[in-house]
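> sequence and computational prediction follow.
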Amino acid sequence: MEERSDKELAWASQQGDRTAYTVLVQRHYKSVFLVGLGVLGNVHDAEDVAQDTLIKGFEHLRQLREGSQFGGWIVTIARNLSINLLRKRKQELVCDAHPTSDEPAESGYEDLQQAVARLPGELRLPLVMYYFDGQDVKKVAEKLAISTSGVYQKLRTAIKELHEVLTAQGDTP
Amino acid sequence: MNRPCPEMQDKVADYVLGALDAEQTEALQKHLSGCEACRQYARSLQEQGQSLVALGRRLDADMEARRDRVVEALQEVAPVATNTRPFPSGGIGILPMIHGQDAHATRSFLKMGIAAVLVLGAGVVVGRATAPRPVDVEQLRADLQASLVASLKPAVQESVSAEVDRRLESGLAAGAASLRDKLAEQLRGDLQVFVTQFTAGSEQRLEKRFAEFVQLIEQARLKDRLHVVRALEQMEQNRHRDRTQIQTSLAALVEKKPAAIQH
């Protein structure tokens, strides 16, 4: 059976077809989750943001006038929600002298995951999109609305900083 | 591990990312072949990249379960009506306005906001840069007086102008009827003069054109007559010539065959 386009699925979802929206969720969940992870650096928060994003997307889908742009639209919502949550987290850190401990990392990649989490958000997001999601530099540039040379510059800085951190820990890959 | 050459670290990172062109790659490889620390750095960054990809795959393994949880949660959610935009307090707008008039309006608003901020900022900067230094009291009083005069002058002028306008309007309103009649009379007179002049001028022009036309016709007739006369003359000449030729031919014929003709 021929795969239905985002435009068709979005239109059907706007008419109340939950099955169509489920297909959109399955298709775009990873991008949404990874944007959350890229901004927040935390799997647990990224999961929450992804869920909130996709629910808000369903609730407000009628505001999307061009169904073919669902992917960009939902990723933008994820990014905005993540930034809001990040601000909230920072405010909590200022108020709370004893922040909660980090979440458990993927076994065998603890140091790397923590080093990624400690990167500045503007470096972490392109890094996650490039390495975790396997997107090429051109696509990352499009999604972040920056130039390809800008993406290369961020990636270069990110991998150098990661290397610095991991080397300081005596845990070079 | 020895430290890589500081000036080569960016190049090595770009090399690992595949951002170098062929020439740069060749130059870097040449350097790497002779520099153990940079070679080790490049290898380490490549392994780090592989680890990042592997970590991404590990995270990917749980993606389906996460997705299913979202799908499950969605069953409880109902879509809401159009044109409701949640903007949580203290945060940025969540829903992107990426289409149509909303996007345009937002962009325009942002542009106007930015322009306003720039103008205000420039004003503050200029104001500070050109702020007057402390002056004596007399100078200050003179400045103040000049400033007051300058600021009141337009207002006074405007007031006087408004009063003049008002009086003119009332005067015009009173004499409007008689003025209208006078104007109508004047207009009628002007129109009559214009029509008379125009008619006289037209007649003169018409006579002149007619005379020219008659003259042209006469010229054409004369030319035609000349042509006819010339044609008749030519015909007469041709007839005379033909006759002469026929007479000559007959005479020649008679001279050549007198016997046959006689028989």
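All right, it came through fine.
> do a quick rundown of the helices in chain A.
A:6-14, A:18-40, A:43-59, A:70-95, A:110-118, A:121-127, A:137-144, A:148-168 (DSSP state H).
> list the buried residues in stretch B:2-9.
Of the residues in stretch B:2-9, B:4, B:8, B:9 count as buried by neighbour count, 16 or more other Cβ atoms under 10 Å in any protein chain shown. Glycine gets a C-beta too; all of them are placed from N, C-alpha and C.
> for these, which one is nearest residue B:247?
Checking those against residue B:247 by Cβ to Cβ gives residue B:8 as the nearest, at 125.7 Å.
> that closest one and residue B:34 touch, don't they?
No. Using Cβ atoms under 8 Å, residue B:8 makes no contact with residue B:34, being 11.3 Å away.
> thinking again about what came up before, secondary structure, pLDDT and distance to chain A for the buried residues of stretch B:2-9 - can I get that in TSV?
Converted to TSV, the buried residues of stretch B:2-9 look like this (DSSP: H, G, I helix; E, B strand; the rest coil; pLDDT from 0 to 100; distance: Cβ to the nearest Cβ, whole Å):
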residue	secondary structure	pLDDT	distance to chain A
B:4	coil	91	10
B:8	helix	93	12
B:9	helix	93	6
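> closest to residue B:60 among those residues?
residue B:9 (30.6 Å).
> for chain A, give the residue positioned nearest to chain B.
residue A:132 (3.2 Å; Cβ to the nearest Cβ).
> burial of residue A:153, as a residue count?
Neighbourhood size, residue A:153 [other Cβ atoms under 10 Å in any protein chain shown]: 18.
> ok, it to residue A:164 distance?
Taking Cβ to Cβ, to the nearest Å as the measure, residue A:153 and residue A:164 are separated by 17 Å.
> same question, residue A:82
From residue A:82 to residue A:164 the distance is 25 Å (Cβ to Cβ).
> and the two? Which one has more around it.
A count of neighbours by other Cβ under 10 Å puts residue A:82 above the other of residue A:82 and residue A:164, at 28 against 11.
> not counting sequence-adjacent ones, nearest residue to that one?
residue A:39 (3.7 Å; Cβ to Cβ, 6 or more residues apart in numbering or on different chains).
> pretty sure the one you found sits against residue A:121.
Yes. Between residue A:39 and residue A:121 a contact is recorded at 5.3 Å, counting by Cβ under 8 Å.
> and the two? which has more neighbours close in?
Legend: neighbour count by other Cβ under 10 Å for residue A:39 and residue A:121, higher for residue A:39 (25 against 13).
> which residues touch the one residue in chain B that gets nearest to chain A?
For chain B and chain A, the shortest gap (Cβ to the nearest Cβ) falls at residue B:56, measuring 3.2 Å. Counting by Cβ atoms under 8 Å, 6 or more residues apart in numbering or on different chains, residue B:56 touches A:128, A:131, A:132, A:133, A:134.
> where does pLDDT dip in chain B?
Within chain B, the ranges that satisfy pLDDT under 70 run B:1, B:79-161, B:163-177, B:179, B:198-199, B:257-263.
> about what we covered before: next, count neighbours for the residue of chain A closest to chain B.
22.
> was I right about it contacting residue A:33?
No. When contacts are counted by Cβ under 8 Å, residue A:132 is not listed as touching residue A:33 (9.5 Å).
> how about the most centrally placed residue in chain A: what's its closest non-neighbour residue?
Per Cα atoms, centre = their mean, the C-alpha nearest to the average position across chain A is that of residue A:35, at 0.9 Å. Excluding its sequence neighbours, the residue lying closest to residue A:35 (Cβ to Cβ, 6+ apart) is residue A:78, at 4.5 Å.
> was I right to think the one you found contacts residue A:32?
Yes. Here residue A:78 reaches residue A:32: they are 4.5 Å apart, a contact under Cβ under 8 Å.
> find the residues that touch each one of the two.
Taking Cβ under 8 Å, 6+ apart as the contact rule, residue A:78 and residue A:32 both touch A:49, A:50, A:53.
> how much space between the second one and residue A:31?
According to Cβ to Cβ, residue A:50 and residue A:31 sit 9 Å apart.
> anything in contact with each of these two?
Residues touching both residue A:50 and residue A:31 (Cβ under 8 Å, 6+ apart) are residue A:78.
> comparing those two, which shows the higher neighbour count?
Neighbours were counted for residue A:50 and for residue A:31 using other Cβ under 10 Å; residue A:50 has more, 30 against 19.
> picking up where we left off before, which ones are touching the residue nearest to residue A:82?
Counting by Cβ under 8 Å, 6+ apart, residue A:39 makes contact with A:79, A:82, A:83, A:86, A:121, A:124, A:125.
> if you set the cut-off to 6 Å instead, what comes out?
Neighbour list for residue A:39: A:82, A:121, A:125 [criterion: Cβ atoms under 6 Å, 6 or more residues apart in numbering or on different chains].
> residue numbers of chain A in contact with chain B?
Selection of chain A residues close to chain B by Cβ under 6 Å from any Cβ of the partner chain yields A:22, A:25-26, A:29-30, A:47, A:51, A:54-55, A:58-60, A:62, A:65-66, A:73, A:76-77, A:80-81, A:84, A:106, A:109, A:112, A:131-132, A:152, A:155-156, A:159-160, A:172-173.
> using ChimeraX, define a selection of the buried residues within those residues.
Typed into ChimeraX, the line below selects the buried ones among the residues of chain A next to chain B, using 16+ other Cβ under 10 Å:
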select /A:22,25,29,30,47,51,54,55,58,59,60,73,76,77,80,81,84,106,109,112,131,132,152,155,156,159,160,172,173
